[in-house]
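[1] How does the following fold in three dimensions:
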Amino acid sequence: MNQARGKGLLKAGERVQLTGPKGRLNTITLANGAVFGTHRGNIRHDDIIGKPDGSVIQNESGTEYLVLRPLLTDFVLSMPRGAAIVYPKDAASIITMGDIFPGATVIEAGVGSGALSMYLLRAIGESGKLISFERRDDFAEIAKANVSSALGYKPANWNVVVGSLQDELEKEVEPGTVDRVVLDMLAPWECVKSVSAALAPGGVLICYVATVTQLSRVAEEIRASGEFTEPAPFETLFRGWHLQGLAVRPEHRMGGHTGFILTSRKLAPGTLLPSFTRRAKPEFDAEDVAIWNAETPVEAPVSDKKVRKNLRKAQQSASSSLANEPDDAE
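    Here you go, the predicted structure:
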């Protein structure tokens, strides 16, 4: 693993973010002798290579650009996608409220485009282990390419399993050995029994869902299992502020609802959760259950053509990053 990545002078093969007039952003991969064309004039890569991070360079017409290595957040928001991503504000909440720690063994399903995987890998460090499950092979390939592109290496402590978590989990881990499980999928309630067996006592289950019907269904399944603490649901809203002189106010646009996060902890074997005070669950009928079914559309489908296009882009980006790694990078 290349510990020095992201430090020192900028070099060929690295991705950089250019901020130009009016705050417009462009992300490019540096290559010796290459040129990045804009309507304001060309930018020579050789004018950037060898400069320190955070430098200001000029294009051929004298227009100035700020050059920075992109943060992981910048990469996640612009990378090729198969499935929808977990946005940074939600990834931060999952890492924090799920208490993802260095050295942890973490299960993730599904992997999507790899956004959350990157944050999880950073949180668990080299001593941790991440096993990600994804039913679609093309999504798994996009995720692996995106992670290699962003990190600059193939993490040795990350295993991507193509298949259903319910079918494959017991083949990958011993019962009671997993520290954290993150479920980002359409029907997480289908996996509660499997992840309960895999989690160590006190381990945390984190579910990320898009709709209130999903949230209700998975909460009831967790309660019905009798093997977890009372589920704690929440959502994260993100609002920037405008700062210009005395004009200090909230931005008109904000990152509103993207998903619900629910956490719950695994009880020790044979433990009965005390009857803490809460309102009794109201009755529901067959129509309610039908709405809860996984077949209910909750996410816009992604065309196969778009997935193939983004897979090519992700693999090309990953090849560029990996090709410039030293031989001892692993």
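
[2] all helices of the stretch 201-330 of the chain, in order?
    212-225, 286-292, 304-323 (DSSP state H, counting those that start in this stretch).

[3] Residue 244: which of the ones you listed is closest?
    helix 304-323 (35.7 Å; CB to CB). Backbone N, C-alpha and C define where each C-beta goes, glycine included.

[4] what's the closest one in contact with?
    13, 15, 29, 79-82, 138-139, 141-142, 144-146, 148-150, 152-154 (CB atoms under 8 Å, 6 or more residues apart in numbering).

[5] how about 10 Å then?
    Here helix 304-323 makes contact (CB atoms under 10 Å, 6 or more residues apart in numbering) with 5, 12-15, 29-31, 75, 79-83, 113-114, 136, 138-154, 302-303, 329.

[6] In helices, which of those residues appear?
    Counting by DSSP state H, those place 75, 138-151 in helices.

[7] that older thread, what would the helices of the stretch 201-330 of the chain look like in CSV with mean pLDDT and distance to residue 274?
    Output for these, formatted as CSV (pLDDT from 0 to 100; distance: least, CB to CB, whole Å):
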stretch, mean pLDDT, distance to residue 274
helix 212-225, 96, 14
helix 286-292, 65, 28
helix 304-323, 85, 48
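
[8] quick one, which of those is nearest to residue 19?
    Nearest of those (CB to CB): helix 304-323, 20.3 Å.

[9] Quick one: buried ones out of the contacts of helix 304-323?
    Burial by neighbour count, 16 or more other CB atoms under 10 Å: within these this picks out 12-15, 29-31, 75, 79-83, 113-114, 136, 138-153, 302.

[10] Okay, the residue nearest to residue 223 when sequence neighbours are not counted and residue 121: tell me how far apart.
    Nearest non-adjacent residue to residue 223, counting by CB to CB, 6 or more residues apart in numbering: residue 231, 7.0 Å away. Distance, residue 231 to residue 121, by CB to CB, to the nearest Å: 26 Å.

[11] Compare those two (neighbour count), which wins?
    Under the neighbour definition other CB atoms under 10 Å, residue 231 and residue 121 were set side by side, and residue 121 has more, 23 against 18.

[12] Residue 240 touches residue 248, doesn't it?
    No - contact between residue 240 and residue 248 fails when scored by CB atoms under 10 Å: they sit 12.0 Å apart.

[13] re earlier: which of the ones in helices among the contacts of helix 304-323 lies closest to residue 65?
    residue 75 (18.7 Å).

[14] my guess is the closest one meets residue 16, correct?
    No - counting by CB under 10 Å, residue 75 stays clear of residue 16, with 11.5 Å between them.

[15] Between these two, which contacts overlap?
    Shared contacts of residue 75 and residue 16 (CB under 10 Å, 6+ apart): 27, 69.

[16] circling back: can you add distance to residue 261 and mean neighbour count and give the helices of the stretch 201-330 of the chain back as a markdown table?
    As requested, the helices of the stretch 201-330 of the chain are arranged in a markdown table below (distance: least, CB to CB, whole Å; neighbours: other CB atoms under 10 Å):
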| stretch | distance to residue 261 | mean neighbour count |
| --- | --- | --- |
| helix 212-225 | 9 | 19 |
| helix 286-292 | 19 | 11 |
| helix 304-323 | 26 | 16 |
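
[17] nearest to residue 64, of the ones you listed?
    Using CB to CB, the helices of the stretch 201-330 of the chain put helix 304-323 closest to residue 64, at 26.3 Å.

[18] Next, the angle from that closest one to helix 137-151.
    When axes from the mean of the first three to the mean of the last three CA atoms, to 10 degrees is applied, the directions of helix 304-323 and helix 137-151 differ by 30 degrees.

[19] Domain ranges for the chain, per the record?
    15-70, 74-292 (automatic domain parsing).

[20] Look up the closest residue to residue 93, ignoring the ones flanking it.
    Residue 93's closest residue in space is residue 236 (CB to CB, 6+ apart), at 4.6 Å.
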